[in-house]
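Undergrad: quick one: sequence and predicted model below, then my questions.
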Amino acid sequence: MKKVFDNDFKRAFLATVPVFAGYMVLGMGFGVILQSKGYGILWAFAMSAYIYAGSMQYLAIDLMSAGASVAATALTTLMVNARHLFYGISMVDKYKNMGKRKPYAIFALTDETYSLVCSEENVRGIENREKFYFLVSLFNQCYWVAGCVLGSIIGSLVKFNTEGIDFALTALFVTVFIEQWCSTKNHTSAVVGVAVSLACLLIFGPDNFLVPAMIGITLALTFLRRKLEGRENG
């Protein structure tokens, strides 16, 4: 059993190494910006441990600085993280046997974690996939918390211009997309996602395209589901 656990532990760690690099840089950027707004290390730790949403945490800095109301903050959070509703639906079968670890796995389902646990290449040969899902989720959050706290410490010791640091979030999303593209032969899902997102961006504008894009992608992939499954099985 110990050998199996060690192997699962090693597989999960190796699978999350690319996320480690991205989360440390992105987390440090968040910590630095948060510190520059007057919020210290405890804020960085609490937000990364309990909110654990990169895009929302960056946005939360501006909301807090501007004194936004609870209602406005809640609505903004729902809009920014609406994509997780669709992630969750697709993970019902994968997470159904996780037992006591299921609530944490649901909470820790970030874009990058979703990308890793959905990759057949990562779970190939693993007997206890639920343990692998849990370890991947745990490793990724540890990286994120460490990056945010480290960035806050750096921000308290070194003063510099923070303009443009938040672009690291966009860079990470692009990196995840490229990694997924290179690791799969069937790119239909990716092409559909990009096409629908661009169409919604043109129709609804940059401030309102996210939710329509998520709905459109879900409908398109649902319609193409049998065709995609046929290609994977073939």
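TA: Received it, and whenever you're ready, just let me know what you need. Numbering: from 1, shown residues only.
Undergrad: now do the helices in this structure.
TA: Remark: helices assigned in the chain by DSSP state H are 2-36, 41-50, 54-66, 70-80, 83-90, 92-95, 102-107, 111-117, 120-123, 129-157, 167-183, 188-204, 210-223, 225-233.
Undergrad: what's the fourth one packed up against?
TA: The contact analysis (3 or more CB pairs under 8 Å, 6 or more residues apart in numbering; DSSP states H and E) places helix 70-80 against helix 54-66, helix 210-223. All C-beta atoms are positioned from the backbone trio N, CA, C, and that covers glycine.
Undergrad: for P18, find the nearest of the ones you listed.
TA: Among the helices and strands packed on helix 70-80, the nearest to P18 by CB to CB is helix 54-66 (15.2 Å).
Undergrad: and the closest one, average pLDDT?
TA: For helix 54-66, the mean pLDDT works out to 82.
Undergrad: elements contacting it?
TA: By 3+ CB pairs under 8 Å, 6+ apart, helix 54-66 packs against helix 2-36, helix 41-50, helix 70-80, helix 167-183.
Undergrad: any idea how far stretch 95-108 is from the chain center?
TA: Distance of stretch 95-108 from the chain centroid (CA atoms, centre = their mean, to the nearest Å) equals 16 Å.
Undergrad: which residues does that stretch contact?
TA: With contact meaning CB atoms under 8 Å, 6 or more residues apart in numbering, stretch 95-108 is reached by Y52, G88, M91, E130, Y133, F134, S137, L138, N140, Q141.
Undergrad: among those residues, which one has the lowest pLDDT?
TA: G88 (80).
Undergrad: which ones are touching that residue?
TA: Neighbours of G88 in contact, by CB under 8 Å, 6+ apart: I106, L109.
Undergrad: among the contacts of stretch 95-108, name the buried ones.
TA: Y52, M91, E130, Y133, F134, S137, L138, N140, Q141 (16 or more other CB atoms under 10 Å).
Undergrad: farthest-apart pair in those, please.
TA: Checking the buried ones among the contacts of stretch 95-108 with CB to CB, the most distant pair is Y52 and E130, at 20.3 Å.
Undergrad: how close does G29 get to S69?
TA: 27 Å (CB to CB, to the nearest Å).
Undergrad: okay, the buried ones among the contacts of stretch 95-108 in a markdown table with distance to F9 next?
TA: Below are the buried ones among the contacts of stretch 95-108 laid out as a markdown table (distance: CB to CB, whole Å):
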| residue | distance to F9 |
| --- | --- |
| Y52 | 21 |
| M91 | 22 |
| E130 | 14 |
| Y133 | 13 |
| F134 | 11 |
| S137 | 13 |
| L138 | 10 |
| N140 | 14 |
| Q141 | 16 |
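Undergrad: which one of those is nearest to V25?
TA: Among the buried ones among the contacts of stretch 95-108, and counting by CB to CB, the member closest to V25 is N140, at 13.9 Å.
Undergrad: surely that closest one touches D111?
TA: No: with contact defined as CB atoms under 8 Å, N140 does not count as touching D111 (10.2 Å).
Undergrad: list the residues that contact both of the two?
TA: Counting by CB under 8 Å, 6+ apart, nothing touches both N140 and D111.
Undergrad: once you drop chain neighbours, what's closest to G147?
TA: For G147, ignoring the flanking residues on the chain, the nearest one in space by CB to CB, 6 or more residues apart in numbering is G27 at 2.2 Å.
Undergrad: over to G31?
TA: Nearest one to G31, counting by CB to CB, 6+ apart, is G151 at 2.4 Å.
Undergrad: now K96: phi and psi?
TA: phi -70, psi -20 (degrees, to the nearest 10).
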